[in-house]
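A.B. asks: mind folding the following:
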Amino acid sequence: MTWRELFERVAGAETDVETIRETLAERRDE
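C.D. replies: A predicted model of the protein is given here:
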């Protein structure tokens, strides 16, 4: 695995976490 592949995986994981946080926030508002 190259550094670029590792970086892209980490960046993708961070994006997933942000999406999950937004989804949870929306559910709390309901």
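
A.B. asks: ok, how many other residues are close to Asp29?
C.D. replies: By the criterion of other C-beta atoms under 10 Å, Asp29 has 6 neighbours. The way it works is simple: take the backbone N, C-alpha and C, and place the C-beta from them, glycine included.

A.B. asks: helix or strand for Glu22, which one?
C.D. replies: Using DSSP states H and E, the element containing Glu22 is helix 3-29.

A.B. asks: so for that helix, mean pLDDT?
C.D. replies: Average pLDDT, helix 3-29: 91.

A.B. asks: any idea how far that helix is from the chain center?
C.D. replies: 1 Å (C-alpha atoms, centre = their mean, to the nearest Å).

A.B. asks: what's the answer for stretch 1-14, then?
C.D. replies: The answer for stretch 1-14 is 12 Å, by C-alpha atoms, centre = their mean.

A.B. asks: who touches it?
C.D. replies: By C-beta atoms under 8 Å, 6 or more residues apart in numbering, no residue outside stretch 1-14 reaches it.

A.B. asks: output it as PDB, restricted to C-alpha atoms.
C.D. replies: Extracted in PDB, the C-alpha atoms of stretch 1-14 (Å, rounded to 0.1, in the frame of the first residue of the first chain):
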ATOM      1  CA  MET A   1       0.000   0.000   0.000                       C
ATOM      2  CA  THR A   2       1.300   3.400  -0.900                       C
ATOM      3  CA  TRP A   3       1.100   6.500   1.300                       C
ATOM      4  CA  ARG A   4      -1.400   7.900  -1.200                       C
ATOM      5  CA  GLU A   5      -3.700   4.900  -0.900                       C
ATOM      6  CA  LEU A   6      -3.400   5.100   2.900                       C
ATOM      7  CA  PHE A   7      -4.200   8.800   2.900                       C
ATOM      8  CA  GLU A   8      -7.200   8.300   0.600                       C
ATOM      9  CA  ARG A   9      -8.600   5.600   3.000                       C
ATOM     10  CA  VAL A  10      -8.200   7.900   6.000                       C
ATOM     11  CA  ALA A  11      -9.800  10.800   4.100                       C
ATOM     12  CA  GLY A  12     -12.700   8.500   3.100                       C
ATOM     13  CA  ALA A  13     -13.200   7.300   6.700                       C
ATOM     14  CA  GLU A  14     -13.300  10.900   7.900                       C
END
